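Undergrad: coordinates for the following, if possible.
(chains A and B)
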Amino acid sequence: MKDPYETLGVAKTATPKEIKKAYLRLAKKLHPDLNPGDTRAEEKFKEVSSANDFLSDPERRRRYDAGEIDAAGVEKAAHRFYKDYAGASGNPYETEAAYADFADTDSFFADLLRRRAQEGRRARGADQLYRLEIDFLDAVNGAKKEIGLPQGGRLDVTIPAGIEEGQSLRLRGRGAPSPGGGEAGDALIEISIRPHPFFSRDGDDIRLDLPITLIEAALGAEVKTPTPSGPVLLKIPKGASTGAVLRLKGKGVLHGDKRGDEFVRLQVMMPTQPEPELEAFLSSWRPASSYDPRREMERQS
Amino acid sequence: MIREQEFLHLAQVDRATLTVWIEEAWLAPAERDGERVFEEIDLARARLILDLRQNMGVNDQGVGVILHLLDQLHGLRSAMGELLGTIRETRAAEREP
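TA: The predicted structure is shown next:
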């Protein structure tokens, strides 16, 4: 965001009252519903509103003035204006009062309007938007969910395996009914995915940090490892280090008929309680071959 | 479709105010089974009315005037869109051999 003072055209010393006044003066001129065809006015209106919200918060204003924060990150969520609905077909409020006289004297125009009125009655119902938050594993494996509708009734939603954050599902004919005899609109369901406590997703691959003990790392082991389709036994090679990545083929996200992989990053964990025997052993231990994990780093610096 | 109770909550207005708005024909909800039912456009219109009255200092008479002009403006905009569409179709038809 630009400097909010500049956006509102006020001095940095402006009082809250002066800011409010500057905002109102601009808002009246730029309000999107009073400029329904002007996208630049809408952009400008959003800037002005953000600047006003920002400067109306005394704490935020103080911190901005002190240079502690910048003015970013205060954009409001997209807000739909009246014009966004009024411009769609089937607006019950719009009137021909402003041009009915043309139709009286011009048969071409009158025909056109008659046709339009008929089309309006046949118009499709509006699409309706819903948001659905699902669990990480439901997104990976697919699931069936139900949405309770505000007006009563339910929508059954089949989540396909491998759905991604922000993707939308379209249920044909489950939106608003047509104002006349046309077909109903669609229900659009926007999916958001709750994060998982230990899995994360990288396209069709799953990533997991797997803590292992010092003994498992040194001697090798078979360790029970979670995957989205249930735990499997993972073979840890002898002498594994933190950061080593092992691949579980085909344990990732199903995409069409292909499955991604699960990548397991090992994390060697030291014992959490004091281990006098281990300490005693390590202080007398002399590695058989030279062992300097920072050699490469030092050579390059 | 939005029921009256929910509409009052979403628009943040009380029932008496809503009744006045409907009497003034600022809002024209549909009726189903003797109950008022609202659409998204009614909600957006209610928010515009609130915006005009609370944030832009327009009084009640002014709201009526503005809404009436806006309804004419949207009527004009869709008639213009219709005309442009017809002109475009005609020109495309002329270009066909």
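Undergrad: name the helices or strands packed onto the helix or strand in which B:Glu6 is found?
TA: Secondary structure from DSSP states H and E places B:Glu6 in helix B:4-11. The contact analysis (3 or more CB pairs under 8 Å, 6 or more residues apart in numbering or on different chains; DSSP states H and E) places helix B:4-11 against helix B:15-23, strand B:35-38, helix B:40-50. (Glycine included, C-beta is placed from N, CA and C.)
Undergrad: mean pLDDT and mean neighbour count for those - can I get that in JSON lines?
TA: JSON lines is the format used below for the helices and strands packed on helix B:4-11 (pLDDT from 0 to 100; neighbours: other CB atoms under 10 Å in any protein chain shown):
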{"stretch": "helix B:15-23", "mean pLDDT": "94", "mean neighbour count": "14"}
{"stretch": "strand B:35-38", "mean pLDDT": "90", "mean neighbour count": "17"}
{"stretch": "helix B:40-50", "mean pLDDT": "93", "mean neighbour count": "21"}
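Undergrad: closest to A:Met269 out of the ones you listed?
TA: Ranking the helices and strands packed on helix B:4-11 by proximity to A:Met269 (CB to CB) places helix B:40-50 first, at 53.8 Å.
Undergrad: returning to what we had before: turn the helices and strands packed on helix B:4-11 into a markdown table, columns for distance to chain A.
TA: Listed next are those as a markdown table, based on distance: least, CB to the nearest CB, whole Å:
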| stretch | distance to chain A |
| --- | --- |
| helix B:15-23 | 13 |
| strand B:35-38 | 8 |
| helix B:40-50 | 4 |
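Undergrad: worst-scoring helix or strand of the chain, pLDDT-wise?
TA: Going with chain A. The element with the least model confidence among the helices and strands of chain A, by mean pLDDT, DSSP states H and E, is helix A:107-122, at a mean of 74.
Undergrad: you answered for a different chain; I wanted chain B.
TA: Between all helices and strands in chain B, the lowest mean by mean pLDDT, DSSP H and E belongs to strand B:30-32, at a mean of 83.
Undergrad: adjacent strands (with direction) for that one?
TA: Using DSSP bridges, the strands paired with strand B:30-32 are strand B:35-38 (antiparallel).
Undergrad: what does the strand it pairs with contact?
TA: Residues outside strand B:35-38 that contact it (CB atoms under 8 Å, 6 or more residues apart in numbering or on different chains) are B:1-4, B:7, B:22, B:29-31.
Undergrad: which residue ranges of the stretch 151-300 of chain A form strands?
TA: A:154-159, A:168-171, A:187-193, A:199-202, A:205-213, A:221-225, A:232-236, A:245-248, A:254-255, A:258-259, A:262-269 (DSSP state E, counting those that start in this stretch).
Undergrad: centre-most residue in chain A?
TA: A:Gly166 (5.6 Å; CA atoms, centre = their mean).
Undergrad: do you know which of the helices and strands packed on helix B:4-11 lies nearest A:Ile236?
TA: helix B:40-50 (56.4 Å).
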